[in-house]
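**Q** Got a predicted structure here, sequence first:
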Amino acid sequence: MTEVRPGIVKAVIPAAGLGTRFLPATKATPKEMLPVVDKPAIQYVVEEAVAAGLEDVLLVTGRNKRALEDHFDRNYELEHALSRKGDDQRLSLVRESADLAAVHYVRQGDPRGLGHAVLSAASHVGDQPFAVLLGDDLIDPRDPLLARMIEVQQERGGSVVALMEVAEEQIHLYGCAAVEATAEDDVVRVTDLVEKPARGEAPSSYAVIGRYVLEPQVFDVLARTAPGRGGEIQLTDALQELAKSDAPGGPVHGVLFDGRRYDTGDRGDYLRAIVRLACEREDLGPDFRTWLRDWVREEL
């Protein structure tokens with residue numbers, strides 16, 4: 001008999017980082033609220049979770065993150081002003097973020113790494129599998145990575161990570177997975193994980209990017225995981241234990257992703273993401289592409 005696995009309905013989005021790479025812009029504004037065209041980055045991530053069927057979203061926040069709560073709440077004064085003007089289009093946009101999902105919040109407290117941020121979600125998640133989405137990685141909605149990861153988890157059980165092949169000179173910037181092939185071209189079995197391997201010591205060219213589907217047993221592992229690289233509790237270290245053992249919460253599989261990903265945690269990639277997304281917008285793209293072509297022609 002085929003095992004019936006519990007459905008996945010909850011998403012956890014760690015959002016407690018200080019955003020130091022974007023100072024001084026992030027001195028008073030959470031990095032997750034920096035605009036990507038005309039929406040804050042965090043809204044793209046919540047929209048991705050909702051598109052994959054996850055409408056219970058927990059944001060793991062820290063100090064000075066009140067703007068996140070305000071964004072996903074109703075703003076009655078603004079709505080009233082727009083309604084009086086008859087500006088239904090902008091009124092719909094303002095209400096959209098508040099109506100996306102049931103959004104909850106928990107504070108991480110001490111900034112002790114991604115593993116600690118995920119552990120902060122334990123009481124909200126409970127004993128069901130759940131997804132983790134990192135706000136620095138924006139996945140194009142035309143490439144339903146998270147939905148595919150959930151499908152793999154439901155078929156195979158255990159935990160699932162997203163993997164993307166990167167250049168050899170870049171792999172030291174990521175968690176890296178040693179993998180074995182499976183019968184499906186886009187699915188591999190993860191046999192080992194290394195957080196930011198030293199140059200020349202990476203077990204593969206497959207980098208772990210910011211999407212995970214996890215069994216709740218990962219909380220037990222995280223609770224006993226000692227601080228690792230950078231003195232932080234690393235989610236990679238907990239997944240490494242699950243990948244190497246037959247303990248509940250494993251095995252670990254990887255979904256190979258070669259779609260459109262925008263790394264908004266890097267200033268250069270953040271700017272490139274804005275340009276690419278603006279170019280593809282029906283309302284902005286035609287005029288913006290014309291200007292961009294003329295500007296590049298003049299500059300070159």
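**A** The structure has been received and is ready for your questions. Residues are numbered from 1 along each chain as shown.

**Q** Low-confidence ranges, the stretch 201-300 of the chain, go.
**A** 230 (pLDDT under 70).

**Q** Could you check the pLDDT of Leu142?
**A** Careful, residue 142 is Arg; it's not Leu. We have a pLDDT of 89 for Arg142.

**Q** And for Pro14?
**A** Confidence at Pro14, expressed as pLDDT, is 93.

**Q** Kindly report the same for Gly175.
**A** At Gly175, pLDDT is 86.

**Q** So what's the residue count around it?
**A** 24 (other CB atoms under 10 Å). C-betas here are computed from N, CA, C, even on glycine.

**Q** Run through the bridge partners of it.
**A** Glu195, Val208 (DSSP bridges).

**Q** Touching, it and Glu195? I think so.
**A** Yes - between Gly175 and Glu195 there is a contact under CB atoms under 8 Å: 5.0 Å.

**Q** Now list whatever residues contact both of these two.
**A** Jointly contacting Gly175 and Glu195 under the rule CB atoms under 8 Å, 6 or more residues apart in numbering are 234, 236.

**Q** for the stretch 151-300 of the chain, what spans make up the strands?
**A** 159-165, 175-181, 187-195, 206-214, 252-256, 261-263 (DSSP state E, counting those that start in this stretch).

**Q** want to throw those strands into JSON lines with distance to Glu48?
**A** Converted to JSON lines, these look like this (distance: least, CB to CB, whole Å):
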{"stretch": "strand 159-165", "distance to Glu48": "12"}
{"stretch": "strand 175-181", "distance to Glu48": "20"}
{"stretch": "strand 187-195", "distance to Glu48": "20"}
{"stretch": "strand 206-214", "distance to Glu48": "9"}
{"stretch": "strand 252-256", "distance to Glu48": "14"}
{"stretch": "strand 261-263", "distance to Glu48": "11"}
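
**Q** out of those, nearest to Leu93?
**A** The minimum distance between Leu93 and the strands of the stretch 151-300 of the chain falls on strand 261-263, with 21.0 Å, by CB to CB.

**Q** before we move on, the earlier item: mind checking which of the strands of the stretch 151-300 of the chain is nearest Asp73?
**A** For Asp73, the closest of the strands of the stretch 151-300 of the chain is strand 206-214, at 25.1 Å, according to CB to CB.

**Q** What strand or helix carries Ala117?
**A** Per DSSP states H and E: Ala117 is located in helix 114-119.

**Q** next one: that helix to chain centre, how far?
**A** 13 Å (CA atoms, centre = their mean, to the nearest Å).

**Q** now for that helix, which elements pack on it?
**A** For helix 114-119, the packing partners by 3 or more CB pairs under 8 Å, 6 or more residues apart in numbering; DSSP states H and E come out as strand 10-14, helix 218-223, helix 235-244.

**Q** and the last one with strand 159-165, angle?
**A** Read it as helix 235-244. 110 degrees (axes from the mean of the first three to the mean of the last three CA atoms, to 10 degrees).

**Q** Just to check, Glu55 is in contact with His104?
**A** No - Glu55 is beyond contact range of His104, at 11.5 Å (criterion: CB under 8 Å).

**Q** still on that earlier bit, and of the strands of the stretch 151-300 of the chain, who's closest to Ala15?
**A** Among those, strand 206-214 sits nearest to Ala15 (CB to CB), with 12.0 Å.

**Q** by contact count, what packs against the closest one?
**A** Strand 206-214 packs on strand 130-133, strand 137-139, helix 145-156, strand 159-165, strand 175-181, helix 235-244, strand 252-256, going by 3+ CB pairs under 8 Å, 6+ apart.

**Q** Mind pulling up the pLDDT for Thr2?
**A** For Thr2, pLDDT reads 46.

**Q** follow-up on the earlier one: helices or strands next to the helix or strand following the helix holding Ala117 in the packing?
**A** Helices and strands here follow DSSP H and E; after helix 114-119, the next one along the chain is helix 122-125. Judged by 3+ CB pairs under 8 Å, 6+ apart, the packing partners of helix 122-125 are strand 10-14.
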